[in-house]
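> Below is the structure, and that's it, no one-letter string:
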């Protein structure tokens, strides 16, 4: 079986970068962003091993894996996992629904 690859959509990349920038500016340090980046990598590796681990989002082909205050919203097509959103769970969930077109 071919290795599963992770692909970040432009929306997810932007969301991730905005969160990193926020913490870099607020904390005047890259320490938290590096920690968060490490967690993202860890959960991405989990998704590669167990792509169905995330909770299915009702009425869509998306899944959601939670870690801390964040979620990776993703879908799998063949051997590619598309990260559709990187979400701070403290935000209004209706905003996420709008972004994802749900």
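Yep, that arrived. All values reported here derive from a predicted model rather than from experimental measurement.
> which parts of the helix or strand hosting residue 46 are buried?
Using DSSP states H and E, residue 46 maps to helix 31-49. Buried residues in helix 31-49, defined by neighbour count with 16 or more other Cβ atoms under 10 Å: 33, 36, 40, 43-44, 47. Yep, even glycine has a C-beta here, placed from its N, CA and C like the rest.
> and the helix or strand following that helix, how far from the chain's centre?
In the C-terminal direction, the helix or strand that comes right after helix 31-49 (DSSP H and E) is strand 55-56. The chain centre lies 13 Å from the centre of strand 55-56; the measure is Cα atoms, centre = their mean, to the nearest Å.
> what's strand 55-56 packed up against?
With contacts taken as 3 or more Cβ pairs under 8 Å, 6 or more residues apart in numbering; DSSP states H and E, strand 55-56 sits against strand 63-67.
> Report the strands that pair with the strand it packs on, each with its relative direction.
Next to strand 63-67 in the sheet, as set by DSSP bridges, lie strand 55-56 (antiparallel), strand 70-77 (antiparallel).
> Between these, which one is closest to residue 84.
strand 70-77 (4.9 Å; Cβ to Cβ).
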